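Undergrad: Fold the following.
(one chain, ligands or ions: 1)
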Amino acid sequence: MGLSFRVDHAGGVAAPAAKPVFASEPVYADKQLIVSHASPSGIRFAGEIDASNSHAVRSSIAAAIQNGLDLHVDVTQLLFCDISGIRALVSVAEALPVGRRLLLHGMPPQLETAIRVVGWNRVPSLVVCECGWLK
Ligand SMILES: [Zn+2]
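TA: Prediction:
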């Protein structure tokens, strides 16, 4: 499927790309994706999500949300996400208890567009958040 995006940080900006800083041990890590806790009540995805690791999206969010609060999700460092990754985000959002939400932070425009194209921006529990949680 063509529904994916890639952000190229190599050109364009003058400042060097910031190195990822992890507040704690990764929740999940493989050669292309690192998931880590981000406080308070958040989780951070850095790298690339595809069919090989989209299960980690589901499992790490499910594990992080146990405290019963809305979960802030930092995707600023997400470089690639294919349809299986988007599906995983949507399905985990839909499976949340009533009233709980996934609050997406730093969503790359390409990812937002991909989500809009398939209409998943209308999932009430999947929200683009601008609460200032990300510094
Ligand atoms: Zn937020």
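Undergrad: from here on, contacts and neighbour counts on C-alpha atoms
TA: Fine.
Undergrad: excluding its backbone neighbours, what's nearest residue 60?
TA: Leaving aside its sequence neighbours, residue 60 sits nearest to residue 27 (Cα to Cα, 6 or more residues apart in numbering; 6.5 Å).
Undergrad: May I see the buried residues of the helix or strand where that neighbour lies?
TA: Following DSSP states H and E, the helix or strand that holds residue 27 is strand 26-29. Residues 27-29 are the ones in strand 26-29 that count as buried (16 or more other Cα atoms under 10 Å).
Undergrad: For the helix or strand just after that strand, which strands pair with it and how are they oriented?
TA: Where DSSP H and E defines the elements, the next helix or strand beyond strand 26-29 is strand 33-38. If you go by DSSP bridges, strand 33-38 pairs up with strand 26-29 (antiparallel), strand 42-49 (antiparallel).
Undergrad: would a markdown table of those strands with distance to residue 62 and mean pLDDT be doable?
TA: Formatted as a markdown table, these follow (distance: least, Cα to Cα, whole Å; pLDDT from 0 to 100):
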| stretch | distance to residue 62 | mean pLDDT |
| --- | --- | --- |
| strand 26-29 | 11 | 93 |
| strand 42-49 | 11 | 96 |
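Undergrad: wait, which of the ones you listed is closest to the ion?
TA: With distances scored as Cα to the ion, the stretch of those nearest to the ion is strand 42-49 (8.6 Å).
Undergrad: Leaving out sequence neighbours, find the closest residue to residue 77.
TA: With Cα to Cα, 6+ apart as the criterion, residue 77 has its nearest non-adjacent residue at 4.5 Å, and that residue is residue 46.
Undergrad: May I have the beta-bridge partners of that neighbour?
TA: With DSSP bridges as the criterion, residue 46 is bridged to residue 34, residue 77.
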